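# can you look at this prediction? I've put the sequence above it.
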Amino acid sequence: MELLKLSLILGAIAGITKGIQLFNLHCRRRFGYRLFTKRGFWLAAIGINFLWWGFYAWGTAYLHHDPQSGGIILMGMGLATIAWLVYENIRDTDALHGAGGSALQLILFFPLAIYGVPMLLIALLFLLFLTFKAGPAAWFVDP
């Protein structure tokens, strides 16, 4: 029974993945525009993170006795970024394909944007400090 559940889940994931690939191929053939690109990912990731952290800042501002305007500004920047992504997708396709593709982008990129981008920044900081070349400790000791 567990093997059947696992095969159904894997089949559903494979079907959804293939459907998204076919949708992207259809948009590329019909409109000459690909929806799932690096630029689309970064626009979605920036918008999602601004919305997420703006909502967090807005919600916790009251607890810290801070003004809530910082969170509202971040949410506005996130909405503007997502609106630009939707505008580009609708401009280069039609309304139905652009709105559907934008919704797919936001749904698919949400987990990666929320968890992947901060982890990437932490890894970059870690690599920066890891690769910092300093001399041996004996160079810094006063004789």
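Happy to help now that I have it.
# list the contacts of whatever helix or strand residue 91 lives in.
Secondary structure assignment for residue 91, by DSSP states H and E: helix 69-92. Taking contacts as Cβ atoms under 8 Å, 6 or more residues apart in numbering, the residues outside helix 69-92 that touch it are 31, 33, 35, 40, 43-44, 46-59, 61, 97-99, 101-102, 105-106. From N, CA and C alone the C-beta is placed, and that goes for glycine too.
# buried among those? Make that a PyMOL selection.
Buried residues within the contacts of helix 69-92, by 16 or more other Cβ atoms under 10 Å, are selected in PyMOL with:
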select buried, resi 33+35+40+43+44+46+47+48+49+50+51+52+53+54+57+58+61+97+98+101+102+105+106
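# all the helices of this structure, residue numbers only.
Using DSSP state H, the helices of the chain run over 2-31, 38-64, 69-92, 95-111, 117-130.
# for the ones you listed, give me JSON lines that also has mean pLDDT.
Listed next are those as JSON lines, based on pLDDT from 0 to 100:
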{"stretch": "helix 2-31", "mean pLDDT": "93"}
{"stretch": "helix 38-64", "mean pLDDT": "92"}
{"stretch": "helix 69-92", "mean pLDDT": "95"}
{"stretch": "helix 95-111", "mean pLDDT": "92"}
{"stretch": "helix 117-130", "mean pLDDT": "83"}
